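K.L.:
give me a 3D structure for the following:
(chains A and B)
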Amino acid sequence: ETGVTQTPRHLVMGMTNKKSLKCEQHLGHNAMYWYKQSAKKPLELMFVYNFKEQTENNSVPSRFSPECPNSSHLFLHLHTLQPEDSALYLCASSQPTTRTRYGYTFGSGTRLTVV
Amino acid sequence: TQLLEQSPQFLSIQEGENLTVYCNSSSVFSSLQWYRQEPGEGPVLLVTVVTGGEVKKLKRLTFQFGDARKDSSLHITAAQPGDTGLYLCAGDWGGGADGLTFGKGTHLIIQP
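P.N.:
From the prediction side, this is the model:
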């Protein structure tokens, strides 16, 4: 247990489905992130939230919609996904003032398969 | 595009051998971090290096930050099967930009 909890761990969804990924941290961090990890590619930064405000959207398709209701929770809403969206989706958190020194704390990820 | 190149991509060696993996960029980092990721889990921070020329040791792992802060290396002495995993370097560009930039990683397998 790292302190960042992601649910579900595994998700299989059809291209017409709507689902949501959840991330929760109680580390007192004020920044939260969504990353996508695909085979043979570097981790891709998708979204960044600082103090509940979205500060970065890394050209992510609109079929991915983030939501950050408070500093402890982060969601990724999914709809009409494509098979190439199948990947491991990682949530991370950090304290902006100490990120350089202490890095990110990652969750275990959600393994998403789009069929 | 600011890229981090890691090499080698794959490495399989016998238990007890030494190895070095590299992380290179053409740009200067404000800091660089190394993570290790095991199958089915998220990356876990191993170390952060901030100062050019800095060397940090974590048991049998030695991390070095290049003098110009553009590159880093990870050296493992007497590798053990428990060292098996994906080793990721991540650069923090600073300057107010948020989000780390990751390399593709080095897949390391230590065979008993």
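K.L.:
just the pLDDT for the residue of chain B found nearest chain A.
P.N.:
Nearest residue of chain B to chain A, counting by C-beta to the nearest C-beta: residue B:42, 3.1 Å away. The way it works is simple: take the backbone N, C-alpha and C, and place the C-beta from them, glycine included. Looking at residue B:42, its pLDDT is 95.
K.L.:
contacts only, for residue A:72.
P.N.:
Counting by C-beta atoms under 8 Å, 6 or more residues apart in numbering or on different chains, residue A:72 touches A:24-26.
K.L.:
residue contacts, the residue lying closest to residue B:62 once chain neighbours are set aside?
P.N.:
Closest residue to residue B:62 apart from its sequence neighbours, by C-beta to C-beta, 6 or more residues apart in numbering or on different chains: residue B:75 at 4.5 Å. The contact partners of residue B:75, by C-beta under 8 Å, 6+ apart, come to B:18-20, B:61-64.
K.L.:
over to residue B:36?
P.N.:
By C-beta under 8 Å, 6+ apart, the contact list for residue B:36 reads B:43-44, B:46, B:85-88.
K.L.:
select only the buried ones of the contacts of residue B:75 in ChimeraX?
P.N.:
Buried subset of the contacts of residue B:75, written as a ChimeraX selection, criterion 16 or more other C-beta atoms under 10 Å in any protein chain shown:
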select /B:19,61,62,63,64
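K.L.:
narrow the contacts of residue B:75 to those in helices?
P.N.:
Of these, none are assigned to helices by DSSP state H.
K.L.:
save the contacts of residue B:75 as JSON lines, and put in distance to residue A:99 and pLDDT too.
P.N.:
Conversion of the contacts of residue B:75 to JSON lines gives the following (distance: C-beta to C-beta, whole Å; pLDDT from 0 to 100):
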{"residue": "B:18", "distance to residue A:99": "32", "pLDDT": "98"}
{"residue": "B:19", "distance to residue A:99": "29", "pLDDT": "98"}
{"residue": "B:20", "distance to residue A:99": "27", "pLDDT": "98"}
{"residue": "B:61", "distance to residue A:99": "22", "pLDDT": "98"}
{"residue": "B:62", "distance to residue A:99": "24", "pLDDT": "98"}
{"residue": "B:63", "distance to residue A:99": "18", "pLDDT": "98"}
{"residue": "B:64", "distance to residue A:99": "22", "pLDDT": "97"}
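K.L.:
bridging residues for the residue nearest to residue B:62?
P.N.:
On the basis of DSSP bridges, residue B:75 is bridged to residue B:20, residue B:62.
K.L.:
what about the lowest-mean-pLDDT helix or strand in chain B and chain A, touching?
P.N.:
Across the helices and strands of chain B, mean pLDDT, DSSP states H and E gives its lowest value to strand B:101-102, namely a mean of 90. Yes. Counting by C-beta under 8 Å from any C-beta of the partner chain, chain A has neighbours in strand B:101-102: B:101-102.
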